[in-house]
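Trainee: next one to model:
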Amino acid sequence: MKTSASTIDLARRALLRRSALLGLAGSAAPWALNLSLLGDAAAATSGNTDYKALVCVFLYGGNDHGNTLVPVDAAHYASYAQIRGSLATAQSALSATTLQPTTPLPDGLQLAFAPQWAPLKTLWDSSKLAVQLNVGPLIVPTTVAQYNAKSVPLPPKLMSHNDQQSIWQSDLAEGSTSGWGGRIGDLMLSGNGGSLFTCTSVTGNAVFLSGHTAVQYQLSTSGAVAIKGLQRSLFGSSAAQAALRTLITGNNANLFADEYARVTQRSIDAEAQISAALAGLPDLSTAFPGTSLGSQLKVVARMIAARASFGLSRQVFLVSLGGFDLHDNLLDNHGDLLAQVADAMKAFYDATAELGVADKVTSFTASDFGRTLSSNGDGSDHGWGSHHVIMGGAVKGKQFYGTAPAVAVNGPDDIGQGRLVPTTSVDQLGATLAGWLGVSDSNLPLVMPNIGNFGIKKLGYF
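Mentor: The predicted model follows:
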């Protein structure tokens, strides 16, 4: 894969700046690198003791943006309905969710949320939610002509689920060991007393929250995951329980076994800390839906409520919902998925308002890719660019960001069947969110490696 000279130079200078100590440190190189990062982390949080959190809501499978954000004015709806065919949402069903932005879109284009996103429409109307149009992975700004000519470097393996999930979450190809949420965490560690909980997943292991020094802590929807054999007598014997604890946490002459024991002890201590903190919280009055995503976001809200117990000032979270790969049965399934997203995210916003931190928490959606605007008969196929939402009290909402694509197949933004070439990069989105969290412009290339190709320019969400 080709990489631009500016990207290489940015990465090289960032690496050299942080590697200056390594020649002196010898075998302690990772320790020295940690020390070099501490200065950046201290700079990011110096004099700033307020709390901020970033929450990624990842929609696995590739959300069908064509039925999530729908043209509703007469001319554009007619084009949409002709292209979508049997997949088209009825125009009459969109009146309650038609969006009236602060700045109207050009060419008379009006857009509406899917009917199932009515809960998010209320946040839009109160300027707590915005829409980013046509965003996706890019290495450099790219046009349809450049894509067709292969005259610029392109993200690897476009329209592949696992590859594009990695690109969205890490800004790097599949196999990357760090994600941009984790790399934000790297720069925030020294400002957090409970650094282990800087990057927290409620949806299992994902590259998004893996940093070079920050590690992702994984929760279940019930809270911290305990080692069951240590919670009660083992086989009816307290001696067996004690023996298990010694076996898995005791010192060992083997370096690998000894390190494993230390990690296990850290896990036990963290579980006890989280369980005690969450048990001491009053119940939230906000009602969360009993769905998977609702349960995940409820745990995130409770972790935010317990932030003082952990000594945290900055956190990054990941939650997710799957099932969006709807090549078939799109009309039967997509609406229910969208309803789960809207109900859970609205409840989460309401919980942050209840906790008094609505302006301290920003959430955003992401997905593998967008999908084709044209129908395959019963669903839509893999695409590239897509539309996503950014939610929070600090967000300059009731606005569209980016460029609205033409409602057309084989149009100026389309590489076939309504697959959109993104006009905003994931780097730009990630850099804007990282900047809000406290990452300096000079350190944005450490978080989003390609940002230099797009200029250090924030998208205006805040």
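
Trainee: so who does residue 172 touch?
Mentor: With contact set as CB atoms under 8 Å, 6 or more residues apart in numbering, residue 172 has these partners: 166, 178, 449. Where you see a C-beta, it was placed from the backbone N, CA and C, and this is true even at glycine.

Trainee: cool, residue 423 as well?
Mentor: By CB under 8 Å, 6+ apart, the contact list for residue 423 reads 133-135, 385, 402-403, 405, 413.

Trainee: do residue 379 as well
Mentor: Contact analysis of residue 379 by CB under 8 Å, 6+ apart lists 64, 87, 326-330.

Trainee: now with 6 Å?
Mentor: 326-328, 330 (CB atoms under 6 Å, 6 or more residues apart in numbering).

Trainee: in a strand, that's where it is, yeah?
Mentor: No - using DSSP: H, G, I helix; E, B strand; the rest coil, the assignment for residue 379 is coil, not a strand.

Trainee: quick one on the thing from earlier: list buried residues within the contacts of residue 423.
Mentor: Buried by 16 or more other CB atoms under 10 Å: 133-135, 385, 402, 405, 413, out of the contacts of residue 423.

Trainee: what bridges to the closest residue to residue 380 other than its chain neighbours?
Mentor: Nearest non-adjacent residue to residue 380, counting by CB to CB, 6 or more residues apart in numbering: residue 371, 4.0 Å away. Counting by DSSP bridges, residue 371 is bridged to residue 382.

Trainee: check contacts around residue 371.
Mentor: 62, 64, 380, 383.

Trainee: follow-up on the earlier one: narrow the contacts of residue 172 to those in helices?
Mentor: residue 166 (DSSP state H).

Trainee: any idea how far residue 384 is from residue 368?
Mentor: 10 Å (CB to CB, to the nearest Å).

Trainee: what about the strands in the stretch 151-300 of the chain?
Mentor: For the stretch 151-300 of the chain, strands defined by DSSP state E, counting those that start in this stretch occupy the ranges 199-201, 216-218.

Trainee: turn those into a markdown table, columns for mean pLDDT.
Mentor: Below are the strands of the stretch 151-300 of the chain laid out as a markdown table (pLDDT from 0 to 100):
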| stretch | mean pLDDT |
| --- | --- |
| strand 199-201 | 97 |
| strand 216-218 | 93 |
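
Trainee: who wins for proximity to residue 290 among the ones you listed?
Mentor: Minimum separation from residue 290 across the strands of the stretch 151-300 of the chain (CB to CB) falls at strand 199-201, 20.6 Å.

Trainee: tell me the strands beside that closest one, with direction?
Mentor: strand 216-218 (parallel), strand 314-321 (parallel).

Trainee: if the residue positioned nearest the centre of the chain is in a bridge, with which residues?
Mentor: In the chain, the C-alpha closest to the average C-alpha coordinate belongs to residue 56, at a distance of 2.8 Å (CA atoms, centre = their mean). Residue 56 forms beta bridges with residue 318, residue 364, as assigned by DSSP bridges.

Trainee: surely it is in contact with residue 317?
Mentor: No - the pair residue 56 and residue 317 fails to qualify as a contact (CB atoms under 6 Å) at a distance of 7.0 Å.

Trainee: what's the burial count for residue 149?
Mentor: Neighbour count for residue 149, taken as other CB atoms under 10 Å: 9.

Trainee: and it, how far is that from residue 205?
Mentor: To residue 205, residue 149 is 39 Å away according to CB to CB.

Trainee: one more: residue 97?
Mentor: Noted for residue 97: a distance of 35 Å to residue 205, by CB to CB.

Trainee: with neighbour numbers in mind, choose between the two.
Mentor: residue 97 (23 against 11).

Trainee: need phi/psi at the nearest residue to that one once chain neighbours are set aside.
Mentor: Spatially, and ignoring its direct neighbours in sequence, residue 97 is nearest to residue 113 (4.1 Å; CB to CB, 6+ apart). Residue 113 adopts backbone torsions of phi -70, psi 160, taken as degrees, to the nearest 10.

Trainee: so residue 113 touches residue 122, yeah?
Mentor: No - assessed by CB under 6 Å, residue 113 is found out of contact with residue 122, at 10.5 Å.

Trainee: confidence score at residue 439?
Mentor: Looking at residue 439, its pLDDT is 96.

Trainee: helix or strand for it, which one?
Mentor: Counting by DSSP states H and E, no helix or strand carries residue 439.

Trainee: confidence score at the residue nearest to residue 174 when sequence neighbours are not counted?
Mentor: Among residues not flanking residue 174 along the chain, residue 166 sits closest, at 4.2 Å (CB to CB, 6+ apart). pLDDT recorded at residue 166 is 96.

Trainee: roughly how far apart are residue 166 and residue 360?
Mentor: Distance of residue 166 to residue 360, given as CB to CB: 29 Å.

Trainee: ok, the two, which is more surrounded?
Mentor: Per other CB under 10 Å, whichever of residue 166 and residue 360 has more neighbours is residue 166, with 25 against 18.

Trainee: quick revisit: between residue 56 and residue 317, which contacts overlap?
Mentor: Contacts common to residue 56 and residue 317, judged by CB under 6 Å, 6+ apart, are absent.

Trainee: first-to-last residue distance for stretch 391-406?
Mentor: 25 Å (CA to CA, to the nearest Å).

Trainee: which of the residues in it are buried?
Mentor: Neighbour count says stretch 391-406 has 391-395, 397-402, 404-406 buried, by 16+ other CB under 10 Å.

Trainee: if you average pLDDT over that stretch, what comes out?
Mentor: Mean predicted confidence for stretch 391-406 is 98.

Trainee: by mean pLDDT, point me to the weakest helix or strand of the protein.
Mentor: Across the helices and strands of the chain, mean confidence by mean pLDDT, DSSP states H and E is lowest for helix 22-25: a mean of 32.

Trainee: per-residue pLDDT, the residue nearest to the centre of the chain?
Mentor: pLDDT, residue 56: 98.

Trainee: kindly report the same for residue 271.
Mentor: pLDDT, residue 271: 85.

Trainee: give the contact list for it.
Mentor: Applying CB under 6 Å, 6+ apart to residue 271 gives the contacts 224, 226.

Trainee: and the gap between it and residue 224?
Mentor: Distance from residue 271 to residue 224, by CB to CB: 4 Å.
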